[in-house]
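In: Everything below, folded, please.
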Amino acid sequence: MSTLLSQIVNGLVLGSLIGLIALGYTMVYGIIQLINFAHGEVFMVGAYGGLAISTYLLPAVLQQQWWLALPLLLAGGAVISGAAAVAMERFAYRPLRNAPRLAPLITALGVSVALQEAVRVFYPGAFSPLPFPRVFLEGAYVVPIGDGVPVRYSGLLIIVVSVVLSVALQRFVDHSRQGRAMRAIAQDRDIARLMGIDPDRVIVTTFALGGVLAGVAGVLYGTDLGFVNIDIGFQTGIFAFTAAVLGGIGNIRGAVVGGMVIGLVKTLGGQYLPGGTAYDYVWIFVVLIAVLVYRPQGFFGEPERVRA
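Out: Predicted coordinates for the structure are as follows:
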C-alpha cells in the first residue's frame, strides 16, 4: 500500500507538470488550429533561462534565500520562454497564417530543432546535462497514511502552482475582455475581425501565455530534479501533447486532467504492469488509443459539428 500511494503521488507531481505544459498546446490549437510541436522546446528554453539567471545574474547571497531566488527564477524563465514563443509566432507562424495546414506543421518541427540546436551551441556546456540549483525547501512532507507517504516539498510546489495557474487561466479566458476575444477568434476569426477584434493581437497573446506557463514549468522541473538537458523539451513535449489530446484539445480543464492521467499511467504502469519502466511509454499510448477509439474528442472535448 505504501508503494502504491508513493507512485500515485509521483504520478500526480509528474502529471501536474505535464498539464502545465499541455495548456500551451491546447490554447494555441483552440485559437488557430495549429499543433505547435515546438512548444516542448519553449519549455526547455524556460528551464535554461532560469538556470542562466541563477548562474550569471543572481548573487550567491540571494541563492541561499529560496523565497527570493525562486520567484526571480520563475519570473526570469517565464519572460525568456514567453519571448521565445512570441518571436516564434511572429517570424515563423504568422507568415504562414493562410498557407496550407501542412506548411505550419512542418515549420513547427523545424523551429523545434532550431531551438534545441541554438541552446546546444550557444549555452555553455549544454551538450551534456547541467546541474540546476534547488531553490526550494529540501526534504519531504510525510503524509500520515499507513507507514507514511513522503511527498517532496518541490513536488508539492509543482502541484500547487499547476492548479493555481490553470484555475487563473480558466478565469482569465472566461471573464476577462481579452479572454472573450480569444473565444471569439476561436469560434470565427472573420466575424471577430468585423466586430473590431484584432486577431494578430489575440494570437500573440495566446502564444505569450503558453510560453509563460511553459517557462514556469521548466524552472519547476529543474528545481525538482536538480538538472536540465536539451532533450527534456522533446520528451516532455510529447507527453504534454498527448495529455492535451487525451483531455480534449482546446479545453483547458481537459489539458490538466489529461496530464494527471498521463502521469499516473506512467508511474503506476512502470511499477505494476508487464515490462516495468521499459514499457511505460507503451501503456501511455495504449490508454490514448483506447480513449480516442471510444471518445475521439477526448475527455472534455465537444464533438465537431459539420454543416451540410
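In: Return the distance of stretch 37-49 from the chain's centre.
Out: Computed by C-alpha atoms, centre = their mean, to the nearest Å, the chain-centroid distance of stretch 37-49 equals 9 Å.
In: what about the longest helix in the protein?
Out: Among the segments of the chain that qualify as a helix by DSSP state H, the longest is helix 2-32.
In: Pull out the buried residues from that helix.
Out: Along helix 2-32, these residues count as buried under the neighbour rule (16 or more other C-beta atoms under 10 Å): 5-32. The C-beta positions use only the backbone N, C-alpha and C, and glycine is treated the same way.
In: as a whole number, average confidence for it?
Out: Taken as a whole, helix 2-32 has a mean pLDDT of 94.
In: what's the answer for stretch 185-198, then?
Out: Rounded mean pLDDT across stretch 185-198 is 91.
In: Could you pull out the buried residues of it?
Out: Buried-residue list, stretch 185-198, by 16+ other C-beta under 10 Å: Ile185, Ala186, Arg189, Ala192, Ile197.
In: What about those residues, which are in strands?
Out: Using DSSP state E, no member of the buried residues of stretch 185-198 falls within strands.
In: My assumption is that Tyr141 lies in a helix; please confirm.
Out: No. Counting by DSSP: H, G, I helix; E, B strand; the rest coil, Tyr141 is not part of a helix but strand.
In: do you know how far it is from Glu89?
Out: 40 Å (C-beta to C-beta, to the nearest Å).
In: Look at the two and report which has more neighbours.
Out: Glu89 (24 against 14; other C-beta atoms under 10 Å).
In: Confirm for me that that one is in contact with Arg201.
Out: No. Glu89 is beyond contact range of Arg201, at 11.3 Å (criterion: C-beta atoms under 8 Å).
In: Tell me which residues touch Gly269, please.
Out: Gly269 makes contact with Tyr279, Asp280, Trp283, Ile284, according to C-beta atoms under 8 Å, 6 or more residues apart in numbering.
In: Please convert the buried members of these into PyMOL selection syntax.
Out: Of those, the buried ones can be selected in PyMOL as follows, counting by 16+ other C-beta under 10 Å:
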select buried, resi 280+283+284
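In: So which of the contacts of Gly269 is the closest to Ala243?
Out: Ile284 (9.5 Å; C-beta to C-beta).
In: The strand or helix carrying Leu51: which residues count as buried?
Out: Secondary structure assignment for Leu51, by DSSP states H and E: helix 39-52. Within helix 39-52, the residues that count as buried by 16+ other C-beta under 10 Å are 39-52.
In: count of residues packed around Met182?
Out: For Met182, the number of neighbouring residues by other C-beta under 10 Å comes to 23.
In: Would you mind measuring from it to Arg134?
Out: From Met182 to Arg134 the distance is 36 Å (C-beta to C-beta).
In: so where do the helices sit in the stretch 51-200 of the chain?
Out: For the stretch 51-200 of the chain, the helices defined by DSSP state H, counting those that start in this stretch occupy 60-63, 66-88, 102-122, 153-175, 177-187, 189-194, 199-225.
In: And those helices: which comes nearest Phe239?
Out: Once the helices of the stretch 51-200 of the chain are compared by C-beta to C-beta, helix 199-225 is nearest, at 11.4 Å.
In: name the helices or strands packed onto the helix or strand following the closest one?
Out: Sequence-wise, the next helix or strand downstream of helix 199-225 (DSSP H and E) is strand 227-228. Secondary-structure packing of strand 227-228 (3 or more C-beta pairs under 8 Å, 6 or more residues apart in numbering; DSSP states H and E): helix 39-52, strand 130-131, helix 199-225.
In: Can you give the distance of the longest one from its chain's centre?
Out: Between the mean C-alpha location of helix 199-225 and the chain-wide mean there is a distance of 7 Å, by C-alpha atoms, centre = their mean.
In: Where in this structure is the helix or strand with the lowest mean pLDDT?
Out: helix 60-63 (a mean of 84; mean pLDDT, DSSP states H and E).
In: Would you mind confirming that Thr206 is in contact with Thr26?
Out: No. Here Thr206 lies out of contact with Thr26, judged by C-beta under 8 Å, at a distance of 10.4 Å.
In: Point out where the chain drops to low pLDDT.
Out: Across the chain, the ranges flagged by pLDDT under 70 are 304-308.
In: again, only this time at 80
Out: For the chain, the stretches with pLDDT under 80 are 1, 145-147, 302-308.
In: So which residue is dead centre in it?
Out: For the chain, the residue sitting closest to the mean C-alpha position, by C-alpha atoms, centre = their mean, is Ile21 at 0.6 Å.
In: ok, back up a step: between the helices of the stretch 51-200 of the chain, which gets nearest to Pro95?
Out: helix 102-122 (9.1 Å).
In: Give the single residue among the contacts of Gly269 positioned nearest to Ala78.
Out: Nearest member of the contacts of Gly269 to Ala78, counting by C-beta to C-beta, is Ile284, at 27.7 Å.
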